[in-house]
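J.: make a model of this:
(2 chains)
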Amino acid sequence: MSKIKVDEKLVKHIAQLARIKVDDAEISNLTTYMEKVLSYMELLQGVDTTHTAPFFSPVQHQQKIFQQYLQQDFNTHPDIIHASLSAFEVIKNAPLHEEGQFKIQAVIEEQ
Amino acid sequence: MKTNDIYHTHLLLKQKKISSVELTKLALQNIATSNNNSFITTTEHLALKQALKADHSFAKNETCSFLQGIPYSLKDLFITKNIRTTAGSRALLNYIPSYQGTVAALLEHAQGVLLGKVGCDEFGMGSTNENTPFGTVTNPLQAEYLAGGSSGGSAASVAEGSAFFSIGTDTGGSIRLPANFCGLYGLKPSYGRISRYGQIAYGSSLDQASPIAKSTLDLACIFQELSRYDHKDSSMVPLPAANIVEPMVQLKSSYLKGKKLGVDESFINACEPDVQKVLHQAIAEFSKQGCDIKKINLPHLKYSVAVYYLIATSEASTNLARYDGIHYGFRADPHLAFDLEETYQVSRALSLGDEVKKRILLGTFALSSGYADEFFTKAAKVRQLIVDDFSHAFQAVDYIFSPVCATSALKKSQGNNEPVDAIKMYMNDLYTIPVNLAGLPSLAIPFGKVSSGLPTGFQIIGQQFRDEDLLLLGHAFELAQK
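T.: The predicted model follows:
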């Protein structure tokens, strides 16, 4: 793990990726936080993982074992229609809606 | 007979010596007069309606579960149909779900009585229950101390005598830490034993719904209802629901004889002196009851905090991307956000708390192009080494004894706006995090007190999917203390 240059430019870039607007007052705090935490993460650099595969979920292998053991396929189910939420139920929490549709700000700039 | 645990209260309800409506009214009065700020939303009418229904069932000698008629609370990370669900955040301040999550549905089916939704650190991110616009949750045992987090509301609502039990969540210790600080029992089940459908996600490979209560028998009553397979959660393992209450009622403390309990001394030595003393007393107690105490070594667990704060934050950055102000939740006023891009950016900036923003940024960085291999994937590889440490230890022992936290309950922040040392704060979770990384079950057991008079305790870590064995061991220890 190389030593990352954690500066305001990097933090602004990450904030843009995360779609969170950060103002000048916050940028300094966030940069200090990222610097401190990423510097701590360098601890992992010294761990030998040359022959280690990444572990993503505690059940990534168990489900296969259970499926073999129980000889059932638990990740599929019959293609039967069940009751689902109505459009009204879904839309009622929308900050803005009109005629059963989510209403949003402009996507395309007006010419 | 005055009692305040689930199992014995169930017997009284069944015998019609008390009613669920009486219990519920007492609980609601207690909520109204408590000062711990446990509840975000109280559901008085629903609670009384459910209590009445439970009493009618008892009158007809119909009992569907040990939880029938028992008042409880739910951490506000659980989706409850038509009942406000905030995740402790401004982002969901007025969100009223249109559907029922599985945990809520199972408890409703068991005829429990929902008192309300309790406070938590925002989206489950924190260990103090201070990271929330709904206010700090204080420790019912001593008001200048914290209840812990992120399930602070769950712990406080039980410790203050309002709820008989609560369902919180545990992603990095969030039920075990508050249980430890408030003198309660908390179970973080094996990952995959309780459905996460309808549980607002923080770290999807780490999250697990977790009960908190006053005894191991109570935890058994709850786990028996919640460990039901749900096809709507594809990360669940299709094990049968736990059938644990009756075996537990028959159990004797002699169950402890011959059980092999692993201890990594370095964990104990890193704790505060008061806590160390209690941990040594607990180990001596296990030994006295016939357990075989064996030294184990878990060498990679020192990397747990680094691994967790890369993996959990990466998963969180994805899970919280949905809070964009479009379909539900907080949306910034149009005069502050002129187009769609601004709507996303400003809505999130205004509604997400500081700690949540920090974790999203950290996770976004760890997954970003050019850094993902070095950070996220590297952390996932070290996670495998932590999992291997546990597998290796469990070849020699049946259970692992560990502290929950190096300190006892923390004092409330002085509110002086001094910058918090993030790493120091994250290190509170050093002993709880490894369990979530490996997906193992763990039981927080209250034991002893520190010099301030506050409770402390320890955790017992069990083998994957052997939650029932873990609960039985915990119960045997509890019996031996009586």
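
J.: which residue ranges of chain A form helices?
T.: According to DSSP state H, chain A carries its helices in the segments A:8-17, A:24-41, A:62-70, A:87-91.

J.: who touches the first one?
T.: Contacts of helix A:8-17 from elsewhere in the structure, counted by Cβ atoms under 8 Å, 6 or more residues apart in numbering or on different chains, are A:4, A:21-22, A:27-28, A:30-31, A:34, B:361, B:364-365, B:368. From N, CA and C alone the C-beta is placed, and that goes for glycine too.

J.: try it again with 7 Å
T.: A:22, A:27, A:30-31, A:34, B:361, B:364-365, B:368 (Cβ atoms under 7 Å, 6 or more residues apart in numbering or on different chains).

J.: what's the answer for stretch B:47-67, then?
T.: For stretch B:47-67, contacts defined as Cβ under 7 Å, 6+ apart pick out B:6-7, B:10, B:13-14, B:16, B:19-21, B:24, B:28, B:68-69, B:71, B:107, B:110-115, B:221-222, B:225, B:245.

J.: B:Ser205 against A:Val59, yeah?
T.: No - counting by Cβ atoms under 7 Å, A:Val59 is not a contact partner of B:Ser205; they are 8.7 Å apart.

J.: how about the most centrally placed residue in chain B: what's its closest non-neighbour residue?
T.: Centrality entry for chain B: nearest residue to the mean C-alpha point is B:Ile175, 2.5 Å, by Cα atoms, centre = their mean. Once flanking residues are discounted, B:Ile175 sits nearest to B:Ser210: 3.7 Å by Cβ to Cβ, 6 or more residues apart in numbering or on different chains.

J.: what bridges to the one you found?
T.: In this entry, B:Ser210 is beta-bridged to B:Gly168, by DSSP bridges.

J.: correct me, but it touches B:Ser190?
T.: No - counting by Cβ under 7 Å, B:Ser210 stays clear of B:Ser190, with 11.2 Å between them.

J.: more neighbours: which of those two?
T.: B:Ser210 (31 against 26; other Cβ atoms under 10 Å in any protein chain shown).

J.: quick one: residues contacting that one.
T.: B:Ser210 sits in contact with B:168-170, B:175, B:186-189, where contact means Cβ under 7 Å, 6+ apart.

J.: identify the farthest-apart pair in the contacts of helix A:8-17.
T.: A:Ile27 and B:Ser368 (17.8 Å; Cβ to Cβ).

J.: check which helix or strand covers B:Val346.
T.: helix B:340-351 (DSSP states H and E).

J.: what about the nearest residue to B:Asn139 once chain neighbours are set aside, how many neighbours?
T.: Distances taken as Cβ to Cβ, 6+ apart put B:Tyr145 closest to B:Asn139, at 4.1 Å, once the chain neighbours are dropped. Residues within reach of B:Tyr145, counting by other Cβ under 10 Å, total 19.

J.: skipping adjacent residues, who's closest to the residue most central in space within chain A in space?
T.: In chain A, the residue lying closest to the centroid (Cα atoms, centre = their mean) is A:Ala18, at 9.3 Å. In space, A:Ala18 comes closest to B:Thr364 once its chain neighbours are excluded; the distance is 4.3 Å by Cβ to Cβ, 6+ apart.

J.: can you classify the one you found as helix, strand or coil?
T.: For B:Thr364, the assignment made with DSSP: H, G, I helix; E, B strand; the rest coil gives helix.

J.: just to revisit the earlier point, quick check on the residue nearest to the centre of chain B: phi, psi?
T.: Main-chain dihedrals, B:Ile175, degrees, to the nearest 10: phi -110, psi -30.

J.: my read is that it contacts B:Gly168, right?
T.: Yes - contact criterion Cβ under 7 Å: B:Ile175 and B:Gly168 qualify, at 4.5 Å.

J.: what do those two both touch?
T.: Both B:Ile175 and B:Gly168 are in contact with B:151, B:210, B:212, where contact means Cβ under 7 Å, 6+ apart.

J.: mind pulling up the pLDDT for the second one?
T.: Read it as B:Ser210. As predicted, B:Ser210 sits at a pLDDT of 98.

J.: please report how far it lies from B:Phe286.
T.: Per Cβ to Cβ, to the nearest Å, B:Ser210 is found 23 Å from B:Phe286.

J.: same check, this time on the last one
T.: Using Cβ to Cβ, one gets 23 Å for the distance from B:Ile212 to B:Phe286.

J.: any weak-confidence spans in the chain?
T.: All of this refers to chain A. The model of chain A has pLDDT under 70 over residues A:1-2, A:69-76, A:109-111.

J.: think we crossed wires, I meant chain B
T.: B:1-3, B:414-420.

J.: OK, now which residue of it is nearest to chain A?
T.: B:Gly439 (2.3 Å; Cβ to the nearest Cβ).

J.: that residue against B:Arg193, yeah?
T.: No - counting by Cβ under 7 Å, B:Gly439 does not reach B:Arg193; the two are 9.7 Å apart.

J.: near chain A, which residues of the stretch 51-200 of chain B are found?
T.: With Cβ under 7 Å from any Cβ of the partner chain as the criterion, the stretch 51-200 of chain B meets chain A at residues B:95-96, B:98-99, B:191-192.

J.: name only those of the residues you listed that count as buried.
T.: Neighbour counting by 16 or more other Cβ atoms under 10 Å in any protein chain shown classes B:95, B:98-99, B:191-192 among those as buried.

J.: relative to B:Thr313, which of those is nearest.
T.: B:Tyr191 (18.2 Å).

J.: residues contacting B:Tyr7?
T.: Taking Cβ under 7 Å, 6+ apart, we find B:Tyr7 in contact with B:66, B:217-218, B:221.

J.: try 6 Å this time
T.: The contact partners of B:Tyr7, by Cβ atoms under 6 Å, 6 or more residues apart in numbering or on different chains, come to B:Leu217.

J.: please identify the helix or strand for it.
T.: helix B:6-14.

J.: report the buried residues of that helix.
T.: Neighbour-count burial for helix B:6-14 flags B:6-7, B:9-10, B:12-13 (criterion: 16+ other Cβ under 10 Å).

J.: now do stretch B:216-229
T.: The neighbour-count check on stretch B:216-229 (16+ other Cβ under 10 Å) flags B:216-228 as buried.

J.: now swap in stretch B:348-359 and tell me
T.: B:348-353, B:355-359.

J.: and the gap between the residue nearest to B:Asn139 and B:Gln68?
T.: Taken as Cβ to Cβ, the span from B:Tyr145 to B:Gln68 is 34 Å.

J.: same check on B:Thr138?
T.: 31 Å.

J.: and the residue of chain A nearest chain B?
T.: Closest point on chain A to chain B, by Cβ to the nearest Cβ, is A:Pro58, at 2.3 Å.

J.: look up the closest residue to that residue, ignoring the ones flanking it.
T.: Here the residue nearest A:Pro58, using Cβ to Cβ, 6+ apart, is B:Gly439, at 2.3 Å.

J.: before we move on, the earlier item: among the contacts of stretch B:47-67, which lie within helices?
T.: B:6-7, B:10, B:13-14, B:20-21, B:24, B:28, B:107, B:221-222, B:225, B:245.

J.: farthest-apart pair in these, please.
T.: B:Leu28 and B:Val245 (27.3 Å).

J.: do a quick rundown of the strands in the stretch 351-482 of chain B.
T.: B:399-402, B:442-449, B:455-461 (DSSP state E, counting those that start in this stretch).

J.: how about the ones you listed in a markdown table, adding mean neighbour count?
T.: As requested, the strands of the stretch 351-482 of chain B are exported to a markdown table (neighbours: other Cβ atoms under 10 Å in any protein chain shown):
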| stretch | mean neighbour count |
| --- | --- |
| strand B:399-402 | 24 |
| strand B:442-449 | 23 |
| strand B:455-461 | 25 |
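
J.: thinking B:Lys117 is in contact with B:Thr41, fair?
T.: Yes - using Cβ atoms under 6 Å, B:Lys117 is in contact with B:Thr41, at 4.5 Å.
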